[in-house]
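Enquirer: structure, please.
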Amino acid sequence: MVKVTTGGDRRQDVPLWAIGGQGLFVKEVQAAVLEGRADAAVHSAKDLPSVSSPGLRLAAIARRGDPRDAMVGRRLADLDAGAMVATGSVRRRAQLAWLRPDLVFTNLRGNIATRLERVPEGGAVVVAVAALERLGRRAQAAEVLAPATMLPQVGQGAVAVECRADDQLTAGLLTAVDDPPTATAVTAERAFLARLPGGCDLPVGALARMDGDEVAMEALLASADGRVVLRRRARGGDPSAVGGGLADALLGGGRPLLEYRLPAAGR
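Expert: Residues are numbered from 1 along each chain as shown. As a prediction, the model looks like this:
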């Protein structure tokens with residue numbers, strides 16, 4: 001095991017959207033593989049940029065855990081007007097602001113244990129259910145949010161593994177942990193993200209699943225303040241076409257939403 005500290009781990013005093021969040025949690029891990037210090041790079045699939053890095057291949061996506069988000073502290077319906085919700089995600093913030101424009105938001109960074117210690121009084125923090133489960137802390141969720149309420153981030157709940165593009169031996173070994181239904185679904189979600197400009201400062205969400213031989217997918221594009229939320233669904237046999245087509249459909253009416261960004265202050 002090769003332990004790596006990433007830029008996203010080090011810079012916890014600044015919101016992700018203020019420092020260009022895409023790739024902040026993977027670059028140093030990828031470098032360890034490219035430099036030969038490790039054979040495989042393991043990522044949260046939601047942290048992985050939608051375009052593969054030169055010299056690397058996405059060799060496996062493990063079976064997906066629960067892709068949903070959870071409220072820790074209070075349930076959404078139990079939050080009083082003006083209650084504080086802590087989250088470092090513009091996606092979560094936009095969707096919650098759409099549902100509850102009376103809430104107040106503050107930025108929150110750090111690992112899951114740190115976030116769970118910082119639940120605002122009378123408020124809540126929002127975290128991934130898969131993260132709680134992997135740490136044995138699922139019971140701390142006050143509410144698990146259905147995708148109809150909170151659409152997850154692209155790849156949420158899945159673990160992605162990269163190796164060097166020319167490393168056939170490692171790529172072959174990694175097929176043992178690859179889950180084809182998950183890989184197909186995440187491929188559709190990543191195709192959606194790849195068609196959109198922006199990174200972690202863009203409020204987007206997507207969730208795909210296999211329905212027989214087809215990919216069924218829902219995607220979201222929102223304004224950063226949550227005043228406008230657009231959602232579309234699609235299905236088909238080609239995951240890249242489904243994901244890319246949903247991006248085009250949302251951009252057809254939602255391109256002006258790309259112009260608004262949250263301030264660096266994070267509140």
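
Enquirer: stretch 107-118: end-to-end distance?
Expert: 11 Å (Cα to Cα, to the nearest Å).

Enquirer: list the contacts of the most centrally placed residue in the chain.
Expert: Centroid-nearest residue in the chain, with Cα atoms, centre = their mean: Gln153, separated by 3.2 Å. Applying Cβ atoms under 8 Å, 6 or more residues apart in numbering to Gln153 gives the contacts Lys46, Ser89, Arg91, Gly205, Ala206. Yep, even glycine has a C-beta here, placed from its N, CA and C like the rest.

Enquirer: now do 10 Å
Expert: Contacts for Gln153 (Cβ atoms under 10 Å, 6 or more residues apart in numbering) come out as 44-47, 67, 69, 89, 91-92, 128, 189, 193, 200, 204-207.

Enquirer: so where does it fall, helix or strand?
Expert: Using DSSP states H and E, Gln153 falls within no helix or strand.

Enquirer: tell me the pLDDT at the most far-flung residue of the chain relative to its centre?
Expert: Centroid-distance maximum for the chain: Leu169 at 29.8 Å, with Cα atoms, centre = their mean. Note for Leu169: predicted pLDDT of 98.

Enquirer: now do Gln30
Expert: With respect to pLDDT, Gln30 scores 91.

Enquirer: now the one 5 residues further on
Expert: At Glu35, the predicted lDDT confidence score is 94.

Enquirer: and it, how far from Arg118?
Expert: Applying Cβ to Cβ, to the nearest Å, the value for Glu35 to Arg118 is 36 Å.

Enquirer: out of the two, which sits in the busier spot?
Expert: More crowded of Glu35 and Arg118, by other Cβ atoms under 10 Å: Arg118, with 14 against 8.

Enquirer: element containing that one?
Expert: Counting by DSSP H and E, Arg118 is found in no helix or strand.

Enquirer: surely it meets Leu108?
Expert: Yes - counting by Cβ atoms under 10 Å, Arg118 touches Leu108, with 6.2 Å between them.

Enquirer: who touches both of the two?
Expert: With Cβ under 10 Å, 6+ apart as the test, Arg118 and Leu108 both reach Ala86, Val125.

Enquirer: with adjacent residues omitted, what lies nearest to Ala97?
Expert: Counting by Cβ to Cβ, 6 or more residues apart in numbering, Gly226 is the residue found nearest to Ala97 once chain neighbours are left out, at 2.7 Å.

Enquirer: brain fart, Val104
Expert: Using Cβ to Cβ, 6+ apart, the closest residue to Val104 is Met84 (5.2 Å).

Enquirer: same deal with Arg115?
Expert: Arg115's closest residue in space is Val125 (Cβ to Cβ, 6+ apart), at 5.2 Å.

Enquirer: how about Met150?
Expert: Going by Cβ to Cβ, 6+ apart, Met150 has Asp69 as its nearest residue, at 4.8 Å.

Enquirer: neighbours of that neighbour, how many?
Expert: For Asp69, the count of nearby residues is 30 (other Cβ under 10 Å).

Enquirer: what about the closest residue in space to Leu202 that isn't next to it in sequence, how many neighbours?
Expert: Nearest residue to Leu202, sequence neighbours excluded (Cβ to Cβ, 6+ apart): Leu196, at 6.5 Å. Residues within reach of Leu196, counting by other Cβ under 10 Å, total 23.

Enquirer: quick one: Leu196 is in a helix?
Expert: No - secondary structure of Leu196 (DSSP: H, G, I helix; E, B strand; the rest coil): coil, not part of a helix.

Enquirer: so it sits against Glu189, correct?
Expert: No - taking contacts as Cβ under 10 Å, Leu196 lies outside contact range of Glu189: 11.5 Å.
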